[in-house]
Each structure stands twice: as C-alpha cells, then as structure tokens.
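# I'd like to go over a predicted model; first the sequence, then the structure.
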Amino acid sequence: MEVDQFAVEFTYTGEGSRLPLIDESSALGTQAPKDRLIAVLDQVEMRVERLRRDTVRIEEEKDSLLSTLDSVKHSDLLADIVECDKEDIIRYADRILARAMTVEVAVRTDRDAQQEEALHQVNMYIDQLVMSLHDDTVVAHSRCQTYMNACTSHPDPSSGTDKNFETAILGCTLDDQKRIKKRLQGLLDYFAKLNITTCS
C-alpha cells in the first residue's frame, strides 16, 4: 500500500471541511517552520499531479465509453434485428449516453493564443475524420494512420505523414500532444476491431 511521506502532516476537521490543518503533534514538529511548510507544499504538489493524472484517465475512459456507444448505435448487427428490438437497443444506448453526458471531467492546460489555435485545428482534423467513418472506413483508417505518423518519431513508412496535421500538432502543448496521440490510438484500435486495413 502506498503511504505518503508527509501524510502525518494532514488532519481534517470533518466531512464538512476541506481545509487541511498542520498537525502540531507530528514528528515533523521538530523541523523549522519554513521547512515544515515547504514539506507540506511538496506533498500537496505531488497530490495535485496525481489528481491530474487520475482525471486524465477518467477523461479517456469517458471517451472510450462514448466511442463504444456510438459503435453500438451504428453496428451492422442492427440490420439482423427486428425493428422493435432495434428500437429498444437504440433507446437503451441513448439512455446510457444521456447518463454518461452528466459526467463532466476536465483538466485545464495552460495555452497561449497560438497553442489554442493549433489545438483547434487538430481537433477540427480529427472531428472531420470521425465524421467520415461511416462514409468510407478504409479511407478514414488511412487518414488516421497519417495523423498518427505525425505524432511519432517512428512513422509507418507505408502510409506517409499528413504534413498539415503535423504542422498543427507541433504547435500544441506537450500535454495536448500526448492526449491527441492517445485519441488517435483509440481510433486505430477501433479500426483494428473492424478488421479495416489501409488502402494501398
């Protein structure tokens, strides 16, 4: 079990209060006041970073669930189901979707104006890619691979790199680049489940 080095420094006044207090009786009480406060801040900083990582994972899980719901609603299997059962499945999926959309999770990343514009462009490219999925899955897969090649130092030589996407993503923050790469990998995994191959 993970034990925080300075957890002894924190006490809470109860469920109604979220303000931590310094435990004057802790073993760290022998340290100078400045050192004790810095130790507390060090611990808070570690917890904040852990909170950000956990929240990012929750964001990714929500995106994965929404992607699964979308694939169910557009599944070819629906064609083999009678209309009344199909409507039941769509209503069920819509109910879960509505429930999922009540969960709002966000980790804010500090960006300047150029980084905001770069992220906007990248999201526009990916949104257009997702919208094209149901029109031509093979072409969409090929385009997704060219986007992924722009995110890695070892691109797939058989599919090339989208230079416009590469320019846009290089203008994003490192945190955004990591999230975008994971999003693209999720799309590639989705294509793999459909047994889609890139066009030659």
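That came in fine, so what should we check first?

# okay, CA-based contacts and neighbour counts for the rest of this
Fine.

# now do the helices in this protein.
33-73, 83-100, 113-131, 137-149, 163-170, 174-193 (DSSP state H).

# would you list these in TSV and tack on mean neighbour count?
TSV is the format used below for these (neighbours: other Cα atoms under 10 Å):
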stretch	mean neighbour count
helix 33-73	14
helix 83-100	13
helix 113-131	16
helix 137-149	22
helix 163-170	18
helix 174-193	16
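
# for Val107, find the nearest of those.
Of all the helices of the chain, it is helix 33-73 that lies closest to Val107, at 6.5 Å by Cα to Cα.

# now that closest one against helix 174-193, angle please.
Comparing the axes of helix 33-73 and helix 174-193 via axes from the mean of the first three to the mean of the last three Cα atoms, to 10 degrees yields an angle of 30 degrees.

# tell me which other helices or strands helix 33-73 touches.
Applying 3 or more Cα pairs under 8 Å, 6 or more residues apart in numbering; DSSP states H and E, one finds that helix 33-73 contacts helix 83-100.

# how far does the helix it packs on sit from the chain's center?
Centre-to-centre, helix 83-100 and its host chain are 25 Å apart (Cα atoms, centre = their mean, to the nearest Å).

# looking at the chain, which helix or strand is least sure?
Averaged element by element with mean pLDDT, DSSP states H and E, the chain has its least confident helix or strand at strand 10-11 (a mean of 49).

# re earlier: tabulate the helices of the chain (a markdown table), appending mean pLDDT and distance to Val107.
Below are the helices of the chain laid out as a markdown table (pLDDT from 0 to 100; distance: least, Cα to Cα, whole Å):
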| stretch | mean pLDDT | distance to Val107 |
| --- | --- | --- |
| helix 33-73 | 89 | 7 |
| helix 83-100 | 95 | 18 |
| helix 113-131 | 93 | 15 |
| helix 137-149 | 91 | 23 |
| helix 163-170 | 95 | 19 |
| helix 174-193 | 88 | 10 |
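
# of those, which is nearest Asp156?
Comparing the helices of the chain against Asp156 with Cα to Cα, the closest turns out to be helix 137-149 (6.3 Å).

# from Lys181, how far off is the residue nearest the centre of the chain?
With distances taken as Cα atoms, centre = their mean, the residue of the chain nearest its centroid is Glu60 (3.4 Å). Separation of Glu60 from Lys181 (Cα to Cα, to the nearest Å): 12 Å.
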